[in-house]
Structures are given as structure tokens and as C-alpha cells.
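Trainee: structure for the following, please:
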Amino acid sequence: MPDEFGPPVFRGVHELLKLVLFLRRRPRFLPRVSDMSVHGDIPLPLIQLAGPEESVHGFLLGLRDELEKAEPRTPYVLIDAAALAPAAPAAPGAAPAPEAPAEPPELVLLDHLCRRLQEDRFAERPNGFRRYRLARWLTRHTLEQPGLRDPQSEIVGILRRWRGEPSTAQDAAQTQISPQGSNTFSTAFLTGGFWLLRLGLIKWLGRRSYGIVPEARWFMRRQTYMVPRHSSDFFGFAERLTAGRLTKENEDQLHKLLVHAFLEDLRQAYRRRRLSVLPRRRGWRRTAYVPVLIGHATAGNGGVRLMSLINDVRNETGELDPLLVIAGRRDDPAAEGQTKLYAPASNTAYTNWKKDLPVQRQKLAADARFLTIHLREPLSPSAIANTSGEDPDAWADLDLNPGRPSLLARRGVLEVLLVAALVAVAALPAARWADYWRAGCSYLKVTADSGIAVRLAEVGPGDRQCVGFSDNEAQIFGSNERLEAAQREVFRLNAEAAVLHGRQPGRPLISIVYFAGLTHAGADLETDNAVAEELIGLAIVQRQQNLSVTGQNEPLLRVIIANGGRGMSVADQVTRDMLIPLAERDPSVKAVVGLDRTVPQTRQAIADLGRAAVPTIATTLTGSGLADASKFYFQMVSGNPQQAQLIAAYLKHLTSPKVELLTIVRPAPGGPPDDYVDTLVAELTRAVAGIATAEVVELPGGAALKPCTSADPRASGQSRMYFYAGRETGYAGFLQAIKEDCAVETLPRIVADDAITRMVAQPAFRQQSYVAEMDLDYVALGSLVVLAGRSCPQQRTPAAPLAGKSRLVEFCAGYFDLIHDESSQLFDKKWAVPSYPGERVGVAYDTADLVITAARQAGPAPWNRAWLAQLFRDREFAHVGASGRISFADSRVGANRNIAILRLPTPANAAEAADTTPHCLFLIGELYGKETATQQAATGCPTG
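Mentor: A predicted model of the protein is given here:
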């Protein structure tokens, strides 16, 4: 009786088995506290074993036997590359091409792998390999000669046969049951009509294929091999995969496509998430990767070539897959000049491979994924007996249990929890609750005394948003991380102020309502960071007042956050139904601040609040005529007339060369009315008359936005200036059009209005390639705060030449302290420490500080909010803030406030674009007043 096979024992076998088991065991998706080093899927090497035949092949056979005995049995494959037939069998029903050449051996191996892994002999559900099988099905079929049939109908038939469906509409029609007879004419007529309708529907669907939508989407959109965009649709791409068309395709691309499809099928089976966020339990239950053991691999039998294809696909796609390839080499890998041999110390070899992988895969190295380990001669029984260490018992001590899946991934557990949850909420009005939940709207905590009043508003077709107000974290508006954190910090400081007021009743609690559009549809341009900046400015004042020890009567500040919906589209409704009743009910509410943007709904809200004698203080509104809507309206920044004067003065200042043509770019008409854009264009056209020729261009602009390839004969190059007068939504497309047209030529001068500060506040926008390659000039309404520079939020002091301005110093100190306070919701957030303070932070800070200054002057006794408007108009009341001197005696719309053109210079690279700091190009208006005179350059910018 021949001796039974025993796995070889050689020096280093324990380390090698230890490495294989480590790589086979799939890391947990979420780390345990006891093991935080590795979690989530990891890149797997392509392990090559070189050395004596007895050691290499014996190791693979021994590992195969152990995997076969393991419980639970997880998928694995052992194939002998030298023993497989050189060609794969033809598909049933296929029409092979005449004199078809033998298939490459690597594809034969791949087919064999697919068939073996499809076998129902493991504890896990078999993999269908739908993408790979579909691709192979197509490569083994040949279309008829052109002109004989409609090629698309024929490819649809091939796809239907792969699905096991009738291949043509006629075949499908023959499978339909004929209408049965009836005793009445009406029944027969209806039945016959229904039968004809079914035939027509079948004919209409005859050129369509069912059940391959996920596969078609993947071939056309999720992978790039064989350039799927060269085909108009999936049927065209499928035709290119048929046998008769493959001679016109790149063979290497085809092989990579097949390997990629095979690996993608494995990835899908191991996927732990569905729709990026939802758990997929089947993937969580797969706790071991798939070992593929290839024996006698050489360059000639396809084994090495298959590994090279896997290496290339992994390098070029950057995707992880669960295939653990362990190949025994019959030839010498070092002779190929691609890999370096490592000693049997497998852990060291793997560590070195893992360290080199990032660089090697970035270079698309042909051996980036290869890990070659040299095995030594097997030990004789006597040598094993005399060998110390762990090698002699390595096979006996082998533990192939990959570990149990998490509790929630096990069958039945989640179902029980879901049933319990459904029972728990069965009493709730499910439909209404679901609508509120989808909109992020508080439903259970909305009461008269909770500080929250919200409802759903239809702001667009299918777009229901949560609008209303809140003063605590039971209701957070929006979903942006920064916006949420800023709101939570405001609400934290609200709670702190309430506690302080309870302890010190002599300190009056002053409330202001911050009103803006905090929610938007998913397709809208996000401006959440700009709104978050204003909330941070309010929070600075809140914190400073909470910490103030200047007196027993020092006011405390409570901020109520109100949402007017996307673009303030329901601001008038929120004002009428919620804010005015709030002001009537709560005398501590002294003003409504913010107001976001100049649209008809905002104008109506200002008018309604004015009739209720509620002061409104706009932080960023610049539209003309807003003061006419309410005598209680005040504006912290210069309006459109001043913005037009700024541009006119800037045009006069530019002399090298002189600007001859001003192209004002505005959005195309057809949308809802926009007072801001309309008044800005009108004011600017009047202001530049006699200085430069002005033209108004509506987006998309056509030839007017091609200053380099279609130069205007009136002016070209730097003698032409573009001024973008529109909302932030069209600005990116406008910039990109100019940049693409002047890819290699000098750009014309470009200045944007103040609305694009919402985009400037978005780091992702500043890192766009077309933005990072050009200077970004824009109108700033709070430029002095921006010019405080990097040192303001990062070092607690403004940069020169504004380092000596006491109110700016106080602002920077408060800003620094807020974001570095460990109890703050902004603490330890990288984004909370910007490269410069946003102008909206400073303007909002000045707004809140203005109200606190008035409250401080009023004293602890109750006072009417209407008195606030009277005080603001008093000539003796002038406030110096971080953004400059503020006085409403002569103008309630900031006519004397400073306004500037700032420039974000071209960064060194896109990675540094988010940290670029603006500098001043041109400035008009008052700075900090006569008491704190500031030296100014000829451009009006502060200097000294």
C-alpha cells in the first residue's frame, strides 16, 4: 500500500502558513477595541512560490487538503496549470467562427476558475459570475454577415438566450395563449383587443433585453477596458465582444476586461455595503478571502500570464478584490527580471512588499502585486525530529477558522430586530413621520415651549424641505458637516446662556433670529459653508458674552436659527406663519438678522417684519430699494449702487492697459425674478457710462465668452474686462468657458460680484482645476476681515497692516478661542481653522455685536425692539466693528461702508488652492473712522 501524502515540512513553513492564514482571514469592516490596527479590506499580493518541486507543489497540495477539511468550508480552488487542456469548450448552441484559433491558456485557466468557484460545495452561496459569464458568452458567438439581418436584433437574441428567454419577439408571441372563445360578442371583443395589445407590446419590446441592466451598466459606466464610450449603447458594445468582431479589438484590452469582470463578480459577492451606506449582510458573512492555488505555473501555460493580468487590472483600476492567488512556479521567476526573491521569512517579505506597494502600483509596475518567496528543501523525518521551533508542528497546529461574522450579519437576527422596531413605531402616523424624517424635520419634539416650530414646505416639484425655526439641537437644518457643526455650537452656547441667565437674572437674555436658506435640493450648488461662516460669527459673540465678567448687567445672547428654504423661496411664508408670531410671543426677540439673498420672498419678509415693528439687519443683501420695504430695515454692507461705483472707480484706476470694453455677464432670463441681479446690472451699466463701453451678455454667452478664439474687435486681452453679475450657480460654468477658450493665451480681466463669496467659502470649488490655474478676483463686502489673514484664526492676531485695530484684534481673539475651545463643536475640526477669516464671519460678528452694544446701552430694564431701530438711526450712535465703522445716520443701506475687490492668487498647485489667502486690489469707502485712522495706498487698500 503506497504511503499516504503528507504535507512537506521545511524551514520557514510555519511563517509561510502564518502569512497565508493572515491574508486569507478577511479583516473586520469595523475595528475592535482590542485590535485597531487593520479593519476593512486590504490589497492582496500575488504570491509566487519558487524552489524545489517537493516543497512547492507539496505545500499547495497540503494547503488544499487542509482547506477541504476546514469548517466552515469557504471557497477555494486548486488547479494544475500544466494539466489543463489548451482550449476551452464551446458554448452550447454557439456558432463558432470558422477555423477559430485556440484560446489563450490564461483564458482557459480563468474559465476553469469560474466553473470551480460556481460549484455548490461550499458553505456560502455560489457566485453566479454574471459579468464574466456574459462577456465569455458573447466572445463565443458570431453574428451573421452584415446585411443579412439587423445586427442589433441579433445581439438582442444572443443576450436573450443567455438569459434563457425567447430570442425574438416572434418566439415570445408564439408562447402567448390565444384568447378563448366566449358566448358573448363583448367578451370576445375585449379578449381579442387585449391579445392584440399584448402582441403590440411584445413587438415594441422586441429590441430590448431583460435582466442585464446591472451588467450593462457596469460594462458601459463602471469600467474602461475596450473603451465602452466608443459604442453608443450596450448593444453596440456587446457586438464588439462577439467572435467575428474581436479581430478589430486590442487583445490585451479584451483579456483585461475578462479578468476585471471576473474580479468584479467576486467584489460584488463580498460587498459589505449597499448604496454606499446600507449594510449588505451576505458580504458581512464572508469572513475569508478566496485562495486560488495554481500549480506548475509557467510563462507558457498561462499561469504567469493570468497573474500578470490580475496585477495590471488591480494597478489600473485601483480596486480591491478578494482573490488570494498562491502559485507554484515551475520555472525561475527571477529569470524574467520582474520580481525579487525573498527568504522564507514570509512576514518580512510581506512587510517589504506592503511598504513598496504604493509606489509600485502608482508606477503601474508589471510586478507591483507579486510577492515571490523561495522555499527550501523539505526536511527528512529524522531531520524533522531533530528540528526545534514551530516548523515541525506547523501543519498540525493549523487553524483555518476565519472567525464568525458579526451578530447582525447572521441569518434571522436582523429580521427579529426589524420586526421589533416596526411594532414599536406602529402607533405613529407613519406617512407623515416618514416625510418629516426624509426632510430632516423634527416631528416628536415640536411643542409650544420647545423652542422649535417647523413644517414641511413644497419648494419645488418633489422637493419638500423642512422650514421654520429652532433654538436647540433637537432640530438641525441641512446636512452639510460644517453647517451642522456651526448650528450645534450655536445651540450649545444658547443652553449655556440660559443657565447663566438663570443664575444671574440681572443679565438680560437678548434673542436674535438668524434667517437664511439652510436647505437645498441635492442637485443645487451647495453654499452651506457660507451660511456656516455667518453662524460662526454669531457664535463668537455668544461665547464672548457668556464669558464676560465686565458687569452684573452684561447682556447674554441667544440665537434662534430660522430656515427659509432653498434660495429663501418660502421666506415670506415662514415670516408670516412663524417668525412674527414668535416675536409677538417672546419679547426677548429684538431683531431678525441675515436674510441670505435678495429675492421677492425676502423683500416681502422684510416688509412684513417691518409692519410688525421687528428690526431686520441684513448681513449680505445688496439689492437696491430694500430700505423702501421697511423703515426698520438696516444693511451691514454696501449695496448694488456702491458695488457699481467700485467697478467704475476700478476701471478708471486701470491704465496699463486701459479697459475699453466691459462685458457684463448675467444669467439668462426665464427663471424666477431676481431683484439682486436685475438691480446690479442696471446700476453697473449707469455707473460705467463714459468710462468704458459696456455690453450685457446672457449666459451661455456664445462667442462673447470666447475672448481668445473669437476676439472682439473693440478690445482684446487685458483691455477687456468681464464682470460676472449673477448668482453663484452659473459662475463655475462661466469661468470654465473662459478658461477653456484661453487655454494657452493671456486671460482677460475677470471680476465677479459679491454673490460668489458663497462659492469662495467652499474649499472644493477653489480646488477645481480650472479655478486653481487662474487668479480669482471678486467683490468683497467685508474685506477688512479677510485681510486679517492667516494669523487671525491660527495665531489669534490680525496680520499687518491691520494688526493694531482693536476691534479686529478682539474679533481674531474670539475666533481663535472659539475654534480651539475643547468644549466647542468646532474643536479639532481641520476645516474650522481656515487660511483666512471669511468675510461673512466678520460681518455676522459685527451684526450680533451691534445688537449687544445697543442692549448694553439700554440697560437691564425691559425695552421695546422698536427702540433699537430708533437708536441705530441716531447720529451719535456709531459702532466700530471688525469689518469697519458702521453708522446708519445718513444711510440705512451701508452707503459709506467699505467695499473692495479682492484677489485669490493662483496657487502653486491644486492641493494648496484651499489654503490660498486673498489680497486687496482696490477699495472704496470708510475703514475704521477718524478715531483709528488707517493708512491707505493709491488703490484705497490698507497699507503701512
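Trainee: so what secondary structure elements neighbour the longest helix along the chain?
Mentor: Criterion DSSP state H: the longest helix present in the chain is helix 481-503. Where contact means 3 or more C-beta pairs under 8 Å, 6 or more residues apart in numbering; DSSP states H and E, helix 481-503 is packed against strand 509-516, helix 528-547, strand 556-563. Heads up, the C-betas are built off the backbone N, CA and C, glycines and all.
Trainee: what would those look like in CSV with distance to Leu684?
Mentor: Formatted as CSV, the helices and strands packed on helix 481-503 follow (distance: least, C-beta to C-beta, whole Å):
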stretch, distance to Leu684
strand 509-516, 26
helix 528-547, 23
strand 556-563, 32
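Trainee: right, and the ones you listed - which one's nearest Val292?
Mentor: With C-beta to C-beta, the closest approach to Val292 among the helices and strands packed on helix 481-503 belongs to helix 528-547: 47.4 Å.
Trainee: between strand 556-563 and the closest one, find me the angle.
Mentor: Angle of helix 528-547 versus strand 556-563, following axes from the mean of the first three to the mean of the last three C-alpha atoms, to 10 degrees, is 160 degrees.
Trainee: so what does helix 528-547 touch, helix or strand wise?
Mentor: helix 481-503, strand 509-516, strand 556-563, helix 757-760, helix 806-819, helix 839-858.
Trainee: picking up where we left off before, would JSON lines of the helices and strands packed on helix 481-503 with distance to Pro392 and mean neighbour count be doable?
Mentor: Listed next are the helices and strands packed on helix 481-503 as JSON lines, based on distance: least, C-beta to C-beta, whole Å; neighbours: other C-beta atoms under 10 Å:
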{"stretch": "strand 509-516", "distance to Pro392": "73", "mean neighbour count": "24"}
{"stretch": "helix 528-547", "distance to Pro392": "64", "mean neighbour count": "25"}
{"stretch": "strand 556-563", "distance to Pro392": "71", "mean neighbour count": "26"}
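Trainee: got the domain ranges for the chain?
Mentor: Structural domains assigned to the chain are 1-31+40-93+105-124+286-415, 125-165+210-282, 435-635+804-825+838-879, 640-780+901-924, following automatic domain parsing.
Trainee: out of the ones you listed, which one sits most buried?
Mentor: For the domains of the chain, the largest average neighbour count (mean count of other C-beta atoms under 10 Å) is found in domain 435-635+804-825+838-879, namely a mean of 20.
Trainee: now the helices and strands packed on helix 528-547 in CSV, with distance to Lys363?
Mentor: Below are the helices and strands packed on helix 528-547 laid out as CSV (distance: least, C-beta to C-beta, whole Å):
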stretch, distance to Lys363
helix 481-503, 35
strand 509-516, 49
strand 556-563, 50
helix 757-760, 36
helix 806-819, 40
helix 839-858, 44
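Trainee: of all those, which one is nearest Asn311?
Mentor: Of all these, helix 481-503 sits nearest to Asn311, with 37.8 Å by C-beta to C-beta.
Trainee: can you tell me what sits against the closest one?
Mentor: Helix 481-503 has contacts (C-beta atoms under 8 Å, 6 or more residues apart in numbering) with 470-473, 476-478, 507, 509, 514, 518, 528-529, 531-532, 535-536, 538-539, 542-543, 545-546, 556-559, 561, 818, 823-826, 829, 831-832.
Trainee: how about stretch 230-239?
Mentor: 138, 143, 151-152, 155-156, 158-159, 209, 212, 216, 219-220, 226, 228, 240, 245.
Trainee: can you give me the first-to-last residue distance of it?
Mentor: This stretch, stretch 230-239, spans 12 Å end to end (C-alpha to C-alpha, to the nearest Å).
Trainee: avg pLDDT for that stretch?
Mentor: Throughout stretch 230-239, pLDDT has a mean value of 90.
Trainee: what distance separates that stretch from the centre of its chain?
Mentor: In terms of C-alpha atoms, centre = their mean, to the nearest Å, the centre of stretch 230-239 is set 30 Å apart from its chain centre.
Trainee: how close does Ile561 sit to Ile452?
Mentor: Note on Ile561: its distance to Ile452, by C-beta to C-beta, to the nearest Å, is 10 Å.
Trainee: so what sits against both of those two?
Mentor: Common neighbours of Ile561 and Ile452 (C-beta under 8 Å, 6+ apart) are 469-471.
Trainee: which one of those is nearest Gln642?
Mentor: Lowest distance from Gln642 to the shared contacts of Ile561 and Ile452 (C-beta to C-beta) belongs to Phe469, with 31.4 Å.
Trainee: so who does the residue nearest to that closest one when sequence neighbours are not counted touch?
Mentor: Leaving aside its sequence neighbours, Phe469 sits nearest to Ala562 (C-beta to C-beta, 6 or more residues apart in numbering; 3.9 Å). Neighbour list for Ala562: 468-470, 513-516, 574, 578-579, 592 [criterion: C-beta under 8 Å, 6+ apart].
Trainee: where's Ala497 relative to Arg488, distance?
Mentor: 15 Å.
Trainee: ok, now Asp435?
Mentor: 24 Å.
Trainee: mean pLDDT and distance to Tyr845 added to the helices and strands packed on helix 481-503, as JSON lines?
Mentor: JSON lines is the format used below for the helices and strands packed on helix 481-503 (pLDDT from 0 to 100; distance: least, C-beta to C-beta, whole Å):
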{"stretch": "strand 509-516", "mean pLDDT": "97", "distance to Tyr845": "12"}
{"stretch": "helix 528-547", "mean pLDDT": "94", "distance to Tyr845": "4"}
{"stretch": "strand 556-563", "mean pLDDT": "97", "distance to Tyr845": "11"}
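Trainee: hmm, back to that, in strands only, show me the shared contacts of Ile561 and Ile452.
Mentor: Within the shared contacts of Ile561 and Ile452, residues falling in strands by DSSP state E are 469-470.
Trainee: worst average pLDDT in the helices and strands packed on helix 528-547?
Mentor: helix 757-760 - the lowest mean pLDDT of the helices and strands packed on helix 528-547, at a mean of 82.
Trainee: which one of the shared contacts of Ile561 and Ile452 is nearest Asn898?
Mentor: Closest approach to Asn898 among the shared contacts of Ile561 and Ile452 (C-beta to C-beta): Phe469, at 32.2 Å.
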